[in-house]
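>>> Structural data only, the sequence is not supplied:
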Ligand code: NDP
């Protein structure tokens, strides 16, 4: 069976040689043996590939990478899970995973496609929901700006804001095609390509009355621009700063933090793992919007475990629209 190991810690953008393909015997089942069907590649994995001190331990060198996956139970010694059941768990990047029952959550393949449990109805969807509604304390009538808006988290943030009664929803993304997708498919009021001109100029033009909420996925000049254009008592959910993840030097922006004082801006970090209490509300509300056709979601699917490193690197480069997933034949 194939596993993908961390061969070397990347410096800057990850490269193919940071990954190793390793053939191992199909593992002996512990409580449960799972054959993975779909796995997630996520920005936070870039952090775990380094060895900096963080909220989550680094990946070990020479060991399989880890991450969200959904697979089919092929052997089980527990009563609650039978062969043919599907489970969500954290041992992706390999064909077969050995798990204990408490490391898995059973999922229903008839209720939603398997990949949705990793994206819109899973970790990234909950991040959007908790970040916007709880951390940024979104209120009806707010003008909301979200960066990486055509990605897994961002696309859901913008649509929740629209469906919950935002005055105006603005997104930024890295291509004209994504900008069109945000406006034409997802119903954003305005969107811009951050590669076209300084973010602050484009944001100010898109938000003539300022913004009340910024959902930060990018950091750097995006955060600086949001502070610049933010209204009094504005709130920022600091969800991620992907523009920094491959950086080898400290980044200069934001340089305008003094504006937090006069505008009484709140900047608040978040980790999705703190928000499990919102899961039921989230699934009910977002699941309902999906069923009613009010909330769209897109997945970029790469086939084959051997292409997972490429999928991960492509996602960091912006090659995905919506959630980036890898299916395992
Ligand atoms: P996405 O699906 O949004 O994929 C990442 C996207 O980031 C790319 O598609 C690319 O889109 C964009 N990007 C890459 N480099 C840059 C750059 N230098 N400047 C601007 N945009 C860039 O990933 P996710 O939705 O999974 O994650 C989005 C953010 O949310 C990340 O920062 C991630 O770390 C964070 N996150 C945080 C969680 C938490 O608990 N705090 C949980 C989950 C995610 P483009 O083409 O637009 O450049």
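Structure's in. What do you need? Remember, predicted model here, so these are calculated numbers, not experimental data.
>>> When you work out contacts or count neighbours from here on, use the C-alpha atoms and nothing else.
OK.
>>> in the stretch 1-150 of the chain, which spans are strands?
2-6, 19-23, 32-40, 69-76, 86-89, 96-99, 105-107, 143-146 (DSSP state E, counting those that start in this stretch).
>>> For residue 69, the count of nearby residues, please.
28 (other Cα atoms under 10 Å).
>>> So which residues on the chain come close to the ligand?
42-44, 124, 127, 148, 151-154, 173-175, 217-218, 239-243, 270-272, 315-320, 322-323 (Cα under 6 Å from any ligand atom).
>>> Let's see which of these end up in strands.
Cross-referencing these with the strands (criterion: DSSP state E) gives 173, 323 as the overlap.
>>> As TSV, the strands of the stretch 1-150 of the chain with mean pLDDT and distance to residue 301 would be great.
As requested, the strands of the stretch 1-150 of the chain are arranged in TSV below (pLDDT from 0 to 100; distance: least, Cα to Cα, whole Å):
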stretch	mean pLDDT	distance to residue 301
strand 2-6	98	18
strand 19-23	98	20
strand 32-40	98	9
strand 69-76	97	14
strand 86-89	98	18
strand 96-99	97	20
strand 105-107	97	20
strand 143-146	99	23
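>>> what's the distance between residue 266 and the ligand?
Distance, residue 266 to the ligand, by Cα to the nearest ligand atom, to the nearest Å: 16 Å.
>>> Provide the partner residues of that residue in its beta bridges.
Assessed by DSSP bridges, residue 266 has beta-bridge partners residue 235.
>>> check contacts around it.
Residue 266 is in contact with 233-236, 260, counting by Cα atoms under 8 Å, 6 or more residues apart in numbering.
>>> repeat that for 10 Å
135-136, 213, 232-237, 260 (Cα atoms under 10 Å, 6 or more residues apart in numbering).
>>> just the residues you listed now: which is nearest residue 105?
residue 135 (25.8 Å; Cα to Cα).
>>> With adjacent residues omitted, what lies nearest to the closest one?
Of all residues beyond its chain neighbours, the one nearest residue 135 is residue 237 (5.7 Å), with distances taken as Cα to Cα, 6 or more residues apart in numbering.
>>> Show me how far the one helix or strand the one you found maps to is from its chain's centre.
In the assignment (DSSP states H and E), residue 237 maps to strand 230-238. Its chain's C-alpha centre lies 21 Å from the corresponding centre of strand 230-238 when counted by Cα atoms, centre = their mean, to the nearest Å.
>>> same check, this time on stretch 108-127
Taking Cα atoms, centre = their mean, one finds stretch 108-127 lying 12 Å from the centre of the chain it belongs to.
>>> How many residues are close by the nearest residue to residue 316 once chain neighbours are set aside?
Nearest-residue entry for residue 316: residue 43, 6.7 Å, with adjacent residues in sequence omitted and distances by Cα to Cα, 6+ apart. Here the count is done by other Cα under 10 Å, and residue 43 has 15 residues near it.
>>> before we move on, back to that, hmm, residue 213 and the residue nearest to residue 135 touching each other?
Yes - using Cα atoms under 10 Å, residue 237 is in contact with residue 213, at 7.8 Å.
>>> Now do the shared contacts for those two.
Taking Cα under 10 Å, 6+ apart as the contact criterion, the residues that touch both residue 237 and residue 213 are 132, 136-138, 146, 266.
>>> out of the residues of the chain next to the ligand, which are buried?
Listed as buried from these are 42, 124, 127, 148, 151-154, 173-175, 217-218, 239-243, 270, 272, 315-316, 319-320, 322-323; burial here means 16 or more other Cα atoms under 10 Å.
>>> which of the contacts of residue 266 lies closest to the ligand?
Minimum separation from the ligand among the contacts of residue 266 (Cα to the nearest ligand atom) is found for residue 237, which lies at 9.1 Å.
>>> Could you break the protein into its assigned domains?
Under the assignment automatic domain parsing, the domains of the chain span 2-119+298-327, 124-273.
>>> mind listing the helices for the stretch 101-250 of the chain?
When secondary structure is read from DSSP state H, counting those that start in this stretch, the stretch 101-250 of the chain shows helices at 123-130, 152-163, 176-180, 199-206, 221-229.
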